[in-house]
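A.B. asks: task: produce atomic coordinates for the following.
(2 chains)
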Amino acid sequence: MWNIVFMYLKAFIVGGLICTIAQILINTTKLTSGRILVVFMLAGVLLQSFGVYEYLIDFAGAGATVPISGFGYLLAQGAINGAKNGLYGAITGGLKAASAGITAAVVFSFLVALIFKPKSKIH
Amino acid sequence: MTKYKDANFNQDYINYVKKIAPKTNEARSLWHAFLVGGFICVIGQFIRYFLLYAFGLYGDELAGATSMILIFLGCLLTGFGVYDNIGHIAGGGSIVPITGFANSVCSPAMEFKSEGFVYGLAAKMFVVAGPIIVYGISASVLTGLIYFIIGLFTA
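C.D. replies: I've put the predicted structure just below:
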């Protein structure tokens, strides 16, 4: 029981901190959201290619998998696992591991764009 | 375009711009990003536990199904126009989670539907996601090749 409560707490704190780092970058460097996403995704790839990010996932669960750096982790880990089976696996492993996320994003976005009308943005 | 140095501008004008530009309240924006980002991760953790105990998913399937549900929620909230409102308050807290990735795919797809289904909806869908996929796949192939080559020497 306390395990689960503690896990939620760790997910909240680690996930929140990753987003806070992004907000610090936004405040200080004026990076646009697209660049922020690329930087964090590549940070996930880099950390996992040194085998570090999986420890963060063991510690914080969704706090580490939900941010876009977790997507980078999937790409890197897929490639690393694939490389054990040879060259073909090394090349295809990354996208194979990330296929659920990309497929969901494309299909759901397509459906939502078909059904909904864009809202006028208030700035 | 010619690049001007600050010194070439009228100093009064620079001061005026600094005075008039909206100041982001730094501490407040960090706190909001922390709260919203953390909350989205808690929802993710809830979905993880739910799929684990209700459907017995584990490993890659658990991770994949969790992100698919979050992406679905992100797209749906974008459709209702709610996610952009969250984004105004949360900043980084709504951009960095996978729901923000879903928003970055869904939002331009909706926006540019009026320009047609091929060059509008489908092409503009990847305005933000395209770079992520390009650099993500390239980096993963590089990682895979490095591990493959290391494997050749250590086997």
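A.B. asks: buried residues in the strand or helix carrying B:G74?
C.D. replies: Assessed by DSSP states H and E, B:G74 sits inside helix B:59-79. If you call a residue buried by 16 or more other C-beta atoms under 10 Å in any protein chain shown, then helix B:59-79 has these buried ones: B:62-79. Just so you know, the C-beta spots here come from the backbone N, C-alpha and C atoms, and that holds for glycine as well.
A.B. asks: got the contact list for stretch B:40-56?
C.D. replies: With contact meaning C-beta atoms under 8 Å, 6 or more residues apart in numbering or on different chains, stretch B:40-56 is reached by A:4, A:7-8, A:11-12, A:14-16, A:60-63, A:65-67, B:57-58, B:62, B:65-66, B:69-70, B:73, B:93-94, B:97-99.
A.B. asks: and it, how far from the chain's centre?
C.D. replies: 21 Å (C-alpha atoms, centre = their mean, to the nearest Å).
A.B. asks: which of the residues in it are classified as buried?
C.D. replies: B:I40, B:C41, B:V42, B:I43, B:G44, B:Q45, B:I47, B:R48, B:Y49, B:L51.
A.B. asks: what is the helix holding B:G74 packed up against?
C.D. replies: On a contact count with 3 or more C-beta pairs under 8 Å, 6 or more residues apart in numbering or on different chains; DSSP states H and E, helix B:59-79 meets helix A:62-65, helix A:68-83, helix A:87-115, helix B:26-55, helix B:82-90, helix B:98-111.
A.B. asks: check whether the shortest one comes near chain B.
C.D. replies: Yes: Helix A:62-65 lies within reach of chain B by C-beta under 8 Å from any C-beta of the partner chain, at A:A62, A:G63, A:T65.
A.B. asks: from those residues, pick the one nearest A:G51.
C.D. replies: Distance ranking of the residues of helix A:62-65 next to chain B against A:G51, using C-beta to C-beta, places A:T65 first at 16.3 Å.
A.B. asks: show me what contacts the closest one?
C.D. replies: A:I57, A:Y73, B:G44, B:R48, B:A63, B:T66, B:S67 are the contacts of A:T65 under C-beta under 8 Å, 6+ apart.
A.B. asks: out of these, the closest to B:F117 would be?
C.D. replies: For the contacts of A:T65, the residue nearest B:F117 by C-beta to C-beta is B:S67; the value is 26.5 Å.
A.B. asks: test my guess that that closest one contacts A:G101.
C.D. replies: Yes: the pair B:S67 / A:G101 is scored as a contact, 4.9 Å apart, by C-beta atoms under 8 Å.
A.B. asks: shared neighbours of those two, anything?
C.D. replies: Common neighbours of B:S67 and A:G101 (C-beta under 8 Å, 6+ apart) are A:F71, B:I98.
A.B. asks: and B:W31, how far is that from A:S69?
C.D. replies: 21 Å (C-beta to C-beta, to the nearest Å).
A.B. asks: B:N85 too?
C.D. replies: From B:N85 across to A:S69, the span is 25 Å (C-beta to C-beta).
A.B. asks: same question for B:E111.
C.D. replies: For B:E111, the distance to A:S69 - C-beta to C-beta - is 27 Å.
A.B. asks: who has more neighbours out of the two?
C.D. replies: It is A:S69, of B:E111 and A:S69, that has more neighbours when counted by other C-beta atoms under 10 Å in any protein chain shown, with 26 against 17.
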